[in-house]
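S.K.: output the structure for:
(chains A and B)
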Amino acid sequence: MEAGFFENEHLLPGQFGYLFVIFFLVASSCSSIAYFFSFFSNDDILKKSWLKLGRIFYCVHVIAIAGILLVLYYCIFNHLFEYQYVWQHSSTKMPIYYLLACFWEGQEGSFLLWAVWHSVLGTILLFKAREWESGTMAIFCTIQFFLATMILGIDILGVHIGSSPFLLLRDYMGEAPIFKMPNYLSMIEDGNGLNPLLQNYWMVIHPPILFLGFASTTIPFCFVIAALLKKNYTTWIKPVFPWMLFSGSILGTGILMGGAWAYEALTFGGFWAWDPVENASLVPWITLIAGLHTLLVYKSTGYSLRITFVLIAVTFVLVLYSTFLTRSGILGDSSVHSFTDLGMSGQLLIYLLTYLILFIVLIIYNWKSIPEIKKEENTYSREFWMFVGALILSVSAFQIGFDTSREVINKVLGTKLAPPVDVIGHYNRFQIWVAILIALLTASIQYLKYKNTDRYQFLKKLLFPFVISVILSFGFVWFWHIFKWQNIVLLFACIFTITANIYYILNTLKRNMRLSGASVAHIGFGLIMLGILVSAGTKRVISNNSDFSVEDRGGDKNNVGDNVLLFKGSKVRMDEYTLTYLGDSLASPNTYYKILYEKHDSAKNKLVESFVLKPNAQINPKMGLIANPDTRHYLTKDIYNHITSVPDRTVDDIIDPEKMDTILIAVGDTAQTKWGKIFFDGINPSPQHIYYQYKDGDIAIGAKIVVLSGDTNKTYVAEPIYYIRENKVNYIPSVISDLGLNYTVTEIIPDRKLIKIAIHKTAPDYVTLKAIVFPYINLLWIGCFVMVIGFVISLWRRSN
Amino acid sequence: MKILHIFLLIVIAVCIAAVVSTVGKSTTYESFAYATLNPDEELHVVGNLMKDREMIYDPATKPNYFEFWLIDLEGNERQVVYKDTKPMDMEQSERIVVIGSMGSDGKFQADQILKKCPSKYSEKNID
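M.R.: Next up is the predicted model:
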């Protein structure tokens, strides 16, 4: 249909958007070509002029990305629902920070976010890389070129390439009859909005950090490829080191934030569920950390150069692979949060294979000429054990990666392997040994010197932290009731890491914090592992209140589960607490369920502690109950609880005459109903309710009713609302939950000054609740901070 | 032989062990018919919720008992018992994966229910 047929469309921003994407694509490829010419040119003048050209194109590409960013935000903030991306991911009701976040909710936006971070990092690289500029930027721009194709959304030779964030809604679903009408835009009241599962402040901070982490792995990869192309195997090490540290800290932070999000806001029942999407971002981080350590080995001794090349390249390819896993829809049934397929899996695969094959070819071609020291490492040297540590990390990455790829294997081999029933147990059984070995290595390796170490000195220095750790471990085993022997070994290994590294800072480094980055990060690692071990290993569900279920619920012994049932107002005992469900309150779109926790000292018969937790849930018409936990934090434990079910208010059995009564009543009159007397006090001409907001042209009344219950001899007030909007009658009932009664004004008869009130009995108000205690989870969070601080110290030292 | 070579061999051995354990520990996607024949086996069954059959969930008496009918991909219909609260978006799910084993009473005992909403949160129609 020709443009101009439709009313009120804003086509200009979209056209600008497409234009900027094409600029992005063309400029990045031109920049790459220019940089390649500069890189391979032997003539100094040519080299310089190509370099200049490359920089100019790079600047154009940055401007183009900024343009795309601005246009997309312009569309989002102005609610231009003629664009599919805007309609799909945002709505007019969303607060500004979610509008900011809906930018990266969709796949197109997240690719764009990636490209934006690339453009920032690339600019830093451009200024910092010096003699490596042409080589790294040439590779870097090819990667940007690939990302540009992801958001292109144009047919080339009959093949649809990429998915554009500027696609028009009417092109997206053109077959719908609504799009045959010129005024279709006026019929779209609002956008689809941000997925309620993601409506959380973590959505605003976690994806940008994680994508910055992903983007940062690109730069070491560019160095690797440039070094292999140039056959200059050594001078790239120094400039790449700060990038590796940066990448390790940011990607690590991003992953841990994901864990914190899962713990705090999603009801995974923990911070790590070994979900494929989580794993997919963890695996490259592990290989990155392995690569960081072999890089250090090479810098100090000249060993381990080949494996460093491999690990850095593998990290980048794994980032692409993780993108492929989450975006291709291949995870399908096995993940709780996989994306749907936008038909870009083929493109992603090409992207992944291009760089994988490029690297494999280059590394095979260069393998023999990469310098390696022929002499074997001394077993009493730091480099030997760091290499072993890197190998162990690689095995760990392999196991996680292989297991996560189950769906890919099924696709390729036609098998039908399903994940193990106990997914978490399956990974833990294997990874606990990795954690133990790595913890033991991080405890002791620092006491080894490069090249060779005096055995006596080494053992002597380690003895003190070792003895301390053994003593502490005994104490903690008893204190935390850890009885599984594997867990005891891990407990010891973690404590040994922490004490040995603290002792190293105090004794060997003489408290020189400038040098202590690695030790601090290792202490953080030990704390994280310890926190995981203790909180996950000794967590317990406390809401499986068997005595309540069995006695009060007809002696059904099978009815013992993880969820406790709370009727409104009645008290239930759970663990050491007495729980009362006080009621709910709506703060759209979430309903908060107020649960009173009281703890009594039975000896003194005194209330010792009392607090209210407000887990919330969103009853979403499309997705059902979306629960968000509320957690009581103590220094030594968390009580984590979330709502697991609430009465379904949508299927009220109004038709059942037994549960219903109707009366006609005039102002000032009293009437007898099936359940007590009611008095019609008067009319409120401007009623207010959480579900009702006055709009121009409304005719609205609230009927003030006083109810005297025969059972309780108490009076209650209700105010059902009746309003007419745009010639349609609407009712907002009023519930007296103590009586379980629901009052609705169903009719107004103005000439007789009567109103008709329908009363029906509602189901009793209740919630079911699941509560879990996580002991000492704060160790985990402290560990995260400490580790990141360690990275920052190292980064600060190495970049100076 | 270098000591590192020994380590490399160990690493390779561990990797193979990991693969074997993955394949060995993996359950498979099976049908209810298979589950009936192998009551001791923990497995995954993929199917569709039978929306016309009765769904039993009465949280006011049994908050931890949920029963529903599932038709697997081969067309076998079975009742599934899930000893937990009813997942709220049950009705919206198109495909459901139940993980567990067949009970002696002919009802599938699910330890976990995974719901798959193909488009998660996108709707194709606007009116």
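S.K.: hmm, who's touching the helix or strand of chain B with the lowest mean pLDDT?
M.R.: Ranking every helix and strand in chain B by mean pLDDT, DSSP states H and E puts strand B:27-30 at the bottom, with a mean of 75. The contact list for strand B:27-30 (CB atoms under 8 Å, 6 or more residues apart in numbering or on different chains) reads A:416-421, B:41-46, B:97, B:99. Quick note: C-beta positions are derived from backbone N, CA and C, even for glycine.
S.K.: 10 Å instead, please
M.R.: A:333, A:410, A:415-422, B:34, B:37-38, B:41-46, B:72-74, B:97, B:99, B:101 (CB atoms under 10 Å, 6 or more residues apart in numbering or on different chains).
S.K.: next SSE downstream of that strand?
M.R.: On the C-terminal side of strand B:27-30, the closest following helix or strand by DSSP states H and E is helix B:32-37.
S.K.: and that following helix, anywhere near chain A?
M.R.: No. Using CB under 10 Å from any CB of the partner chain, helix B:32-37 never reaches chain A; the gap is at least 11.2 Å.
S.K.: stretch B:46-64 now?
M.R.: Yes. Taking CB under 10 Å from any CB as the criterion, stretch B:46-64 and chain A are in contact, through B:Val46, B:Tyr57, B:Pro59, B:Ala60, B:Thr61, B:Lys62, B:Pro63, B:Asn64.
S.K.: out of those residues, which are buried?
M.R.: B:Val46, B:Tyr57, B:Pro59, B:Lys62, B:Pro63, B:Asn64 (16 or more other CB atoms under 10 Å in any protein chain shown).
S.K.: which strand or helix spans the first one?
M.R.: Read it as B:Val46. Per DSSP H and E: B:Val46 is located in strand B:43-49.
S.K.: I'd like the average pLDDT over the helix or strand just after that strand.
M.R.: Per DSSP H and E, the first helix or strand lying C-terminal to strand B:43-49 is strand B:66-72. Regarding strand B:66-72, the rounded mean pLDDT is 90.
S.K.: sorry, back to before: may I have the least confident helix or strand of chain B as PDB, with CA atoms only?
M.R.: Output in PDB follows, covering the C-alpha atoms of strand B:27-30 (Å, rounded to 0.1, in the frame of the first residue of the first chain):
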ATOM      1  CA  THR B  27      17.200 -39.300  30.900                       C
ATOM      2  CA  THR B  28      15.500 -39.400  27.600                       C
ATOM      3  CA  TYR B  29      12.300 -37.900  26.300                       C
ATOM      4  CA  GLU B  30       9.900 -40.800  26.300                       C
END
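S.K.: and the strand holding B:Val46, how far from the chain's centre?
M.R.: Strand B:43-49 has its C-alpha centroid displaced from the chain centroid by 6 Å (CA atoms, centre = their mean, to the nearest Å).
S.K.: in that strand, which residues are buried?
M.R.: Quick answer for strand B:43-49 (16+ other CB under 10 Å): B:Leu43, B:His44, B:Val45, B:Val46, B:Gly47, B:Leu49.
S.K.: for whichever residue of chain B sits closest to chain A, what are phi and psi?
M.R.: Closest approach between chain B and chain A, counting by CB to the nearest CB: B:Asn64, at 2.4 Å. Recorded main-chain torsions at B:Asn64 are phi -110, psi 40, according to degrees, to the nearest 10.
S.K.: cool, A:Asp190 as well?
M.R.: Backbone torsions for A:Asp190, taken as degrees, to the nearest 10, come to phi -150, psi 160.
S.K.: the closest residue in space to it that isn't next to it in sequence: what secondary structure?
M.R.: Nearest residue to A:Asp190, sequence neighbours excluded (CB to CB, 6 or more residues apart in numbering or on different chains): A:Ser91, at 4.8 Å. Of the three states, A:Ser91 takes coil under DSSP: H, G, I helix; E, B strand; the rest coil.
S.K.: list the contacts of A:Ser91.
M.R.: A:His79, A:Phe81, A:Tyr98, A:Leu99, A:Cys102, A:Glu189, A:Asp190, A:Gly191, A:Asn192, A:Gly193, A:Leu194.
S.K.: and if we set it to 8 Å?
M.R.: A:Ser91 sits in contact with A:His79, A:Asp190, A:Gly191, A:Asn192, A:Gly193, A:Leu194, where contact means CB under 8 Å, 6+ apart.
S.K.: and the last one, how many neighbours does it have?
M.R.: Which is A:Leu194. Number of residues near A:Leu194 (other CB atoms under 10 Å in any protein chain shown) recorded here: 21.
S.K.: ok, A:Gln672 next?
M.R.: By other CB under 10 Å, 11 other residues sit near A:Gln672.
S.K.: give me the phi and psi angles of it.
M.R.: Torsion angles, degrees, to the nearest 10, at A:Gln672: phi -90, psi 130.
S.K.: roughly how far does it sit from chain B?
M.R.: When distance is defined by CB to the nearest CB, to the nearest Å, A:Gln672 is 29 Å away from chain B.
S.K.: which residues does that residue contact?
M.R.: Counting by CB under 8 Å, 6+ apart, A:Gln672 touches no other residue.
S.K.: with that, I have no additional questions.
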